[in-house]
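A.B. asks: all I have is the shape, not the residue letters:
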């Protein structure tokens, strides 16, 4: 009797070990692959979020400067004979733009004649940069503290107040200087921008955002880092595009970190700010670890189940069981992809099928990960491919075109009049409009073509066209697209209409380098916008030759 019991114990243990090993192997491989993919995806998301925030800061700063320039052109400031009217105007502006902590109007000697809420009226700011630089021309100063002004303004938080300066000279009708319009913007505005844009992402993924000055000192971020100068290796990277990297921070922890540098907006050159978005590396890897642990847990449970089944079997079944063990070894070695279906007694056949189902379940989980990757490559609003999918598609399309001796038509699209529709009907209706635009663009595609949403109301169409009639087909497709998008759309029971501008280029006819051809298409879009919109423009031959010569 001892021998049969010993055989059954060994048999059950063998089954449990094989299934556990298989689960551990697949779980480890899937976990490592998932960790790599998640790290890259989260890194790109952090870089994109950093860019969104720094772009918003630049746009807001440029907008505030534009407001003051418009204000400076008003007659009441150019002919300052009614200080009361000027004070009322400044109070009204501060009420409309709460981020303006203080705004004042000075004479040519720097004495404040009128200001919001009467603060500093009669005082001289002649020695302060906001007046000295503003008297020379439009001045936008970096973040700084203003001790005197901070004492005069309400400060419920009790924290040190910081400001950003914007000032410019006021010229009278004869062109002579009559004073300076000076303002201090509360730096708390940057925190409001962060909260409105990034709070959901920050709470969902434990992400922190920091704003650095030109000298890499922390202007906005965790309290323990404010004022410190960061020494991260990636900050020495001078690339202008947003990017991400794994960095070790002063606290000794490693973080996935997204970087985006200020590029300014229109005529505003920017102040050299850098926005960082960081997430602890362990937090980023948490989904992959949870997946791997789930695989191991289920594998262990199944191992116990199979061991119990094996305990009930007799030595008579050792031969078919040995075949299963050998098949599992071959599966681990990669020689086969499935466990063979043995035609043995019902118990052995059941065991064989159960192991096959385990392998299929683990394979389905790998498939689920592939589906997750597909979602990461699609735009959540329109369902169109996003930038990541476009980057993956372009090399493949390039290879197919080279093999067929065809061309790629690259069409940049930007909607005309989208913002007024957003303002009139609301952002929800704007989203419906974008979905309808995506549907119309998708109906014009053929096999092998692609339309991707680049962000906002910008799209890119990549079309396979024959080389001998590439330009003709590209123009025909562009015209059909203009007509398709010009058709009215029903939003909230009302008719709305939006057009688009298209900039096109052909690869390799316009340029042998695909990246340069994309740049030519972008330039064509710029010309279409400035030529009156709702039209398609393609790169002229002269401009193409100039770029290729460069």
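C.D. replies: Here it is on my side, so go on. Just so we're clear, the structure is a prediction, and the values are computed from it rather than from any experiment. Numbering: from 1, shown residues only.

A.B. asks: need the contact partners of stretch 488-495.
C.D. replies: Residues from elsewhere that reach stretch 488-495 (CB atoms under 8 Å, 6 or more residues apart in numbering): 421, 425, 429, 432, 433, 436, 496, 497, 498. Where C-beta positions appear, they are placed from N, C-alpha and C, glycine not excepted.

A.B. asks: correct me, but the last one touches residue 437?
C.D. replies: Just to be clear, that refers to residue 498. Yes: with contact defined as CB atoms under 8 Å, residue 498 counts as touching residue 437 (7.5 Å).

A.B. asks: what is in contact with those two at once?
C.D. replies: 415, 485.

A.B. asks: hmm, back to that, which of the contacts of stretch 488-495 count as buried?
C.D. replies: Buried subset of these (neighbour count, 16 or more other CB atoms under 10 Å): 421, 425, 429, 432, 433, 436, 496, 498.

A.B. asks: any idea how far the second one lies from residue 498?
C.D. replies: By that I understand residue 425. Remark: distance between residue 425 and residue 498 (CB to CB, to the nearest Å) = 11 Å.

A.B. asks: now do the contacts for the nearest residue to residue 43 once chain neighbours are set aside.
C.D. replies: Of all residues not flanking residue 43 in the chain, residue 244 sits nearest, at 3.5 Å (CB to CB, 6 or more residues apart in numbering). Residue 244 makes contact with 43, 44, 46, 47, 256, 257, 258, 259 under the criterion CB under 8 Å, 6+ apart.

A.B. asks: of these, just say which sits nearest to residue 394.
C.D. replies: Lowest distance from residue 394 to the contacts of residue 244 (CB to CB) belongs to residue 44, with 16.4 Å.

A.B. asks: residue 388 is in contact with that closest one, correct?
C.D. replies: Yes: at 6.7 Å, residue 44 and residue 388 qualify as touching, with contact defined as CB under 8 Å.

A.B. asks: now the contacts of stretch 488-495 in a markdown table, with distance to residue 225, pLDDT and secondary structure?
C.D. replies: Formatted as a markdown table, the contacts of stretch 488-495 follow (distance: CB to CB, whole Å; pLDDT from 0 to 100; DSSP: H, G, I helix; E, B strand; the rest coil):
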| residue | distance to residue 225 | pLDDT | secondary structure |
| --- | --- | --- | --- |
| 421 | 42 | 83 | helix |
| 425 | 42 | 83 | helix |
| 429 | 41 | 83 | helix |
| 432 | 42 | 86 | helix |
| 433 | 42 | 83 | helix |
| 436 | 45 | 86 | helix |
| 496 | 47 | 83 | strand |
| 497 | 50 | 84 | coil |
| 498 | 44 | 86 | coil |
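
A.B. asks: what's the most distant pair in those residues?
C.D. replies: 432 and 497 (14.0 Å).

A.B. asks: contact partners for residue 436?
C.D. replies: residue 489.

A.B. asks: any idea how far residue 442 is from it?
C.D. replies: On the measure of CB to CB, residue 436 and residue 442 end up 11 Å apart.

A.B. asks: the domain parsing of the protein - what is it?
C.D. replies: For the chain, the structural domains run 2-37+287-375, 62-187, 190-284, 387-549, going by automatic domain parsing.

A.B. asks: understood, closing this out.
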